[in-house]
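In: got a predicted structure plus its sequence, pasted below:
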Amino acid sequence: MKALHIITGLGVGGAEQQLRLLLRHLPIDCDVVTLTDPGPVADGLAADGVRVTHLGMTGNRDLAALPRLTRLIRRGRYDLVHTHLYRACLYGRIAARLAGVRAVVATEHSLGDTQMEGRPLTAGVRGLYLLGERLGRSTVAVSPTVAARLTRWGVPAPRVTVVPNGIDLARFAYDPAAGLRAREALGLPADAFVIGAIGRLTPGKRFDVLLHCLARLPEDCRLLLVGAGPEEPALRRTARAVGVSDRVVLAGERPYIADGSPGAPGGPDLPALASAMDVLAAPSAEEAFGLAVVEGLAAGLPVRYTSCPALEDLPPEAAPGAVRVPCDAGAYARALAGVRAAGPGPRTAPEAARHYCITRSAARLMDVYAAALTASHPAPTVEVPVHAPVEVPAQGPAQAPVPALIHVPVQQRAKSS
């Protein structure tokens, strides 16, 4: 089998790094196309021996990218196309069908109740999403919570399959020596109580709550924020305003190195930073999966979180060290003070972390591929009207007319047995 993965960009993010990790465990020949921003994950994929093509899409309205992508798919003679993230799902599904590939799978990584990929949901986004969804054979949800959101949106339940995100347990296993080296590299005292947080620096992650929380905690407490994004200047201003800027380390983007390398260029990698933490805090009120929480558990950390479908879909005993906390600075201050007072415990991964092993996720995805390749439904036509708005949350809503009516063959939904 030969598959093409199409993704909006390959900067350091959860969906992007998840794609790299998956490709290391899928037993098939895979290429990758990124519509925009090759980024560090593209370099990592290339190092893994994956062929990565940058389509050079200039923005949401770059409809010239569609025929370029169609030609690329046709030349590659791919058996299956797998799309990731909103813009890539829309353009990738259309291009795949125009190229004659009927086995099209899409993964929905970031659908929340009120936003998708950090942007507000609108009726236009939903309508265009559902129109594009019909062009595929299957939509993969990263959690049962996301699957339920998709069906509430109007995606037929038989077309939705849950394949959870996966983690490399061995990479995140607690390494005290690596943790001490990471602290030294970042200027964190060896005896400090380090509160960790991982994620893109956007308003929805609510890392500002942790800054206000830190101001209520003792001086030996430090906050280690791992990630980058547009909210960084605002977070720095907040840290100064509440008087904790000297106790906060913004480590920037840290690739998830899944190849056994000793660390990312320029500093410790993500697993080493997890070993440097004493607790993981995740105040985001709306998540599609909660990968950072699972990574924290894999590192043996106690976790205090507000939203994590990955845990909510499991029995409580699967993650006894994870406690849900309201998205409030006072609540987090009390919860983290309790962890500090309890002292360090054993740093072993609970059952919840083992449940999300990447090899299990890869095997389930192969089942989805097999089903997509063997489906044999007649292909009706979807018409994309000339006035349809193109709204793509990845870079903000954008309205653009589609220049012509596009007739694209799509599969009909199989009847329930």
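Out: Cool, the structure landed.

In: low-confidence regions, the chain specifically.
Out: 117-119, 255-266, 376-417 (pLDDT under 70).

In: remind me, longest helix of it?
Out: Determined from DSSP state H, the single longest helix within the chain is helix 358-374.

In: dump the C-alpha coordinates for that one into PDB.
Out: Coordinates of each C-alpha in helix 358-374 appear next as PDB, following Å, rounded to 0.1, in the frame of the first residue of the first chain:
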ATOM      1  CA  ILE A 358       1.400   4.500  19.700                       C
ATOM      2  CA  THR A 359       1.700   0.900  18.500                       C
ATOM      3  CA  ARG A 360      -1.900   0.300  19.400                       C
ATOM      4  CA  SER A 361      -3.100   3.500  17.600                       C
ATOM      5  CA  ALA A 362      -1.100   2.600  14.500                       C
ATOM      6  CA  ALA A 363      -2.700  -0.900  14.400                       C
ATOM      7  CA  ARG A 364      -6.200   0.600  14.700                       C
ATOM      8  CA  LEU A 365      -5.400   3.100  11.900                       C
ATOM      9  CA  MET A 366      -4.400   0.200   9.600                       C
ATOM     10  CA  ASP A 367      -7.800  -1.300  10.200                       C
ATOM     11  CA  VAL A 368      -9.400   2.000   9.000                       C
ATOM     12  CA  TYR A 369      -7.200   2.000   5.900                       C
ATOM     13  CA  ALA A 370      -8.200  -1.600   5.100                       C
ATOM     14  CA  ALA A 371     -11.900  -0.700   5.400                       C
ATOM     15  CA  ALA A 372     -11.400   2.400   3.200                       C
ATOM     16  CA  LEU A 373      -9.600   0.400   0.500                       C
ATOM     17  CA  THR A 374     -12.200  -2.400   0.400                       C
END
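
In: all further residue positions should be reported with the first residue as 363.
Out: Will do, 363 is the new start, and the previous item becomes helix 720-736.

In: list the buried ones in that helix?
Out: Within helix 720-736, the residues scored as buried using 16 or more other C-beta atoms under 10 Å are 720, 723-724, 727-728, 730-731, 734. C-beta: built from backbone N, CA, C; applies to glycine.

In: now for the residues you listed, which pair is the farthest apart?
Out: Pairwise distances across the buried residues of helix 720-736 (C-beta to C-beta) peak at 20.7 Å, for the pair 720 and 734.

In: quick one: the helices in the stretch 463-612 of the chain?
Out: Secondary structure of the stretch 463-612 of the chain, counting by DSSP state H, counting those that start in this stretch: helices at 485-495, 506-515, 531-534, 538-548, 570-576, 594-603.

In: per-domain residue ranges of this structure.
Out: 364-528+721-771, 531-718 (automatic domain parsing).

In: which residues touch the spatially closest residue to residue 724 that is not a sequence neighbour?
Out: Sequence neighbours aside, residue 387 is the residue nearest to residue 724 in space, at 3.9 Å (criterion: C-beta to C-beta, 6 or more residues apart in numbering). By C-beta atoms under 8 Å, 6 or more residues apart in numbering, residue 387 lies in contact with 528, 720-721, 723-724.

In: number of residues surrounding the nearest residue in space to residue 505 that is not next to it in sequence?
Out: What sits nearest to residue 505 in space, not counting adjacent residues and going by C-beta to C-beta, 6+ apart, is residue 671, at 4.1 Å. Residue neighbour count, defined by other C-beta atoms under 10 Å, stands at 24 for residue 671.

In: great, nothing more from me.
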